[in-house]
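J.: what follows is a predicted protein model with its sequence.
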Amino acid sequence: MALPAAFFALFFAWPVAAIVARGLKVDGTWRFGRIAEVVAQPDIRHVLWFTTWQALASTALTLLLALPAAYVLARLDFPGRQVLRAVVTVPFVLPTVVAGSAFLALVGRNGLLDQLWGVRLDTTVWAILLAHVFFNFAVVVRTVGGLWAQLDPRQEEAARMLGASPLTAWRKVTLPALAPAVAAAALMVFLFTFTSFGVVQILGGPTFSTVEVEIYRQTSEVFDLSTAAVLTLVQFAAVGAILVVHAWTVRRREAALRLVAPDTTVRRPRGAGQWVLLAGVLATIALLLVLPLAVLVRRSLDAPGLGYYRALTETDGGTFLVAPLHAVWTSLEYAFAATAIAVVIGGLAAAALARRDAGRLVRGFDALLMLPLGVSAVTVGFGFLIALDRPPLDLRQSWILVPLAQALVGAPFVVRTMLPVLRAVDVRLREAAVVLGAPPWRVWREVDLPLVRRALLVAAGFAFAVSLGEFGATVFIARPDNPTLPVAVARLLSRPGDLNYGQAMALSTILMVVCAAALLILERLRTDRTGEF
């Protein structure tokens, strides 16, 4: 635990504490009264209310649309099922700015709906809600569907034999077993939408602002660090409460059920009801997930002769100091470095958490590892600039700063992916190796590693995809001559003109293709016990 604890202390806790101290400390004196002053402001209360309201609405809408898909992908066997699982996951690993760009191309000015019916939904709450469903659909499908595929169907069949209707059997047998997984998925969706930044920034315009967007505005536009610090503390408290409940639901799910192999529960659709359900899920995925991405690709091809893609190789001297296409190679380099860091940190943490004799302190660290997914990435990024500015950790001019920020987001996915696999390793295999004289390192190399190799590759793939799309912290620390893909997309979207908009669509398409290819590979590597994602 020493290295993961030191990593999170230095590159997460310290930057967040530094920016909070900078905002609430005046002449060496803490001004905690500022918290009440900020929260009492009508505009801040409106931001807090909208943040909570849209997160609840997004969570309910996501559950409503994604739970049928979780059942279909868990229990029904049909051609293209594995490809569909990868397609469903693509939006989740895309940067939020790309998700916003896709919906902007669909519902914004000159978007598909505008061209066909004259309907525009950008700068409306509906665009934000639908984009959040688009982004979080996979969370429900993966978390709930992963458990649903391993529930023994004979329990529900026994209830049917005893006279229960299909609905009653599902409500009294399957739903209670799924409840912890549904709760865990709902909490994760609420967490991601409560801290939403890129989607609201692009689709909400000046009308709508979440806590995360307001922190960014107070930090980079108004330069009011005290208000930003208060909002960071409010968000931190809310996220901490969510993660405590999430950790409880995950433990309950692991301890309460006896599971079977997923390949024994899947079968071809039977009856008109299952075929109608399959058709409805496919239509929902096509309209909600595939259509925005297809429109995004089409808008990138509007210029004749791949004009927008050719423009990516040119330097305009205004938006970038280098050609926008340079951001592709920069992002790949940063993502590989971040993946290496995340795998080392997350792998060590998962190994410690997987021990059956782990104490409460170690188990409590599990929830802390998830904090970077919910605490303001804007705060972390700006905190990097404030905290890591003096020896021995003066990293402001170092290239490693961006991979460190990306690894903070990637490490929790490594832990969540590897932890179930490590817990499934029979401890007697390790004990037998020790009895035969193997030292700890050889036990890991010859017992654990062969069993968890596939999960390790999946974890690395997810860390790579997530690192590639990190935006909130990177937007502060990426250098003008080395922008990452999400930062480049956001900069292009912030500038007027069809050429800038087209280049943003082209860069978003390139990033989407890279993420989709990575996920297709991951689906071939994925095991039945490869974590929540």
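T.: Received, thanks.
J.: and Thr51, what does it touch?
T.: Listed by C-beta atoms under 8 Å, 6 or more residues apart in numbering, the contact set of Thr51 reads 194, 210-211. C-beta: built from backbone N, CA, C; applies to glycine.
J.: tell me the secondary structure at it.
T.: When the structure is split into helix, strand and coil by DSSP: H, G, I helix; E, B strand; the rest coil, Thr51 lands in helix.
J.: return the member of the contacts of Thr51 nearest to Leu522.
T.: Distance ranking of those against Leu522, using C-beta to C-beta, places Phe194 first at 27.1 Å.
J.: rewinding a little: just the buried members of the contacts of Thr51?
T.: Burial of those was assessed by neighbour count (16 or more other C-beta atoms under 10 Å); the buried members are 194, 210-211.
J.: of all the residues you listed, which comes closest to Ser398?
T.: Closest to Ser398 out of the buried ones among the contacts of Thr51 is Val211 (30.0 Å), distances taken as C-beta to C-beta.
J.: the closest one against Leu233, yeah?
T.: No. Because the distance of 10.7 Å does not satisfy C-beta atoms under 8 Å, Val211 is recorded as not touching Leu233.
J.: which strand or helix spans Ala169?
T.: Element membership of Ala169 [criterion: DSSP states H and E] is helix 166-169.
J.: which members of the buried ones among the contacts of Thr51 occur in helices, if any?
T.: 194, 211 (DSSP state H).
J.: and of the buried ones among the contacts of Thr51, the nearest to Gly346?
T.: Scanning the buried ones among the contacts of Thr51 for proximity to Gly346, where the rule is C-beta to C-beta, the winner is Phe194, at 23.4 Å.
J.: so how far is Thr143 from the closest one?
T.: Note on Phe194: its distance to Thr143, by C-beta to C-beta, to the nearest Å, is 17 Å.
J.: what is the one helix or strand Leu231 maps to packed up against?
T.: Leu231 is located in helix 225-256, with elements delineated by DSSP H and E. Packed against helix 225-256, as judged by 3 or more C-beta pairs under 8 Å, 6 or more residues apart in numbering; DSSP states H and E, are the following elements: helix 14-24, helix 33-39, helix 42-75, helix 175-194, helix 211-220, helix 360-369, helix 371-374.
J.: show me what the mean pLDDT comes to for that helix.
T.: On average, the pLDDT along helix 225-256 is 76.
J.: how about stretch 396-413?
T.: When pLDDT is averaged along stretch 396-413, the result is 87.
J.: now do that stretch: distance to the chain's middle.
T.: From the chain centre to the centre of stretch 396-413 is a distance of 15 Å (C-alpha atoms, centre = their mean, to the nearest Å).
J.: stretch 506-516 now?
T.: The gap between the average C-alpha position of stretch 506-516 and the chain average comes to 17 Å, counting by C-alpha atoms, centre = their mean.
J.: go through it and flag the buried ones.
T.: If you call a residue buried by 16+ other C-beta under 10 Å, then stretch 506-516 has these buried ones: 506-512, 514-516.
J.: now secondary structure and pLDDT too, for those residues, in a markdown table please.
T.: Output for those, formatted as a markdown table (DSSP: H, G, I helix; E, B strand; the rest coil; pLDDT from 0 to 100):
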| residue | secondary structure | pLDDT |
| --- | --- | --- |
| Ala506 | helix | 89 |
| Leu507 | helix | 87 |
| Ser508 | helix | 85 |
| Thr509 | helix | 88 |
| Ile510 | helix | 87 |
| Leu511 | helix | 82 |
| Met512 | helix | 82 |
| Val514 | helix | 82 |
| Cys515 | helix | 77 |
| Ala516 | helix | 75 |
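J.: the protein: strands as residue ranges?
T.: 25-26, 29-30, 389-390, 393-394 (DSSP state E).
J.: go through those strands and name the closest to Ala74.
T.: Smallest distance to Ala74 across the strands of the chain (C-beta to C-beta): 46.1 Å, for strand 393-394.
J.: partners of that closest one, with directions?
T.: For strand 393-394, the pairing partners within the sheet under DSSP bridges are strand 389-390 (antiparallel).
J.: please parse this structure into its domains.
T.: Following automatic domain parsing, one gets these domains for the chain: 1-18+307-533, 32-296.
J.: what's the pLDDT at Arg154?
T.: According to the model, Arg154 carries a pLDDT of 83.
J.: skipping adjacent residues, who's closest to Val133 in space?
T.: Excluding its sequence neighbours, the residue lying closest to Val133 (C-beta to C-beta, 6 or more residues apart in numbering) is Thr62, at 4.9 Å.
J.: just checking, the one you found touches Val141?
T.: No. Checked against C-beta under 8 Å, the pair Thr62 and Val141 is beyond contact range at 10.0 Å.
J.: so which residues of the stretch 401-533 of the chain form helices?
T.: Secondary structure of the stretch 401-533 of the chain (DSSP state H, counting those that start in this stretch): helices located at 401-424, 427-435, 440-443, 449-469, 474-477, 485-493, 498-525.
J.: how about the contacts made by Gly374?
T.: Gly374 makes contacts with 191-192, 194-195, 235, 239, 242-243, as judged by C-beta under 8 Å, 6+ apart.
J.: sorry, wrong one. I was asking about Ala342.
T.: For Ala342, counting by C-beta under 8 Å, 6+ apart, the contacting residues are 406-407, 410-411, 413-414, 460, 463, 467.
J.: identify the residue spatially nearest to it, adjacent ones excluded.
T.: Nearest residue to Ala342 in three dimensions, chain neighbours excluded: Gly410, at 3.5 Å (C-beta to C-beta, 6+ apart).
J.: residues contacting the residue nearest to Val133?
T.: Counting by C-beta under 8 Å, 6+ apart, Thr62 touches 132-133, 136-137, 139-140, 189.
J.: in CSV: the residues you listed, plus distance to Leu493.
T.: Below are these laid out as CSV (distance: C-beta to C-beta, whole Å):
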residue, distance to Leu493
His132, 19
Val133, 21
Asn136, 22
Phe137, 23
Val139, 25
Val140, 28
Val189, 25
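J.: where does confidence bottom out across these?
T.: Val139 (87).
J.: neighbours around that one, how many?
T.: By the measure other C-beta atoms under 10 Å, the count of residues near Val139 is 24.
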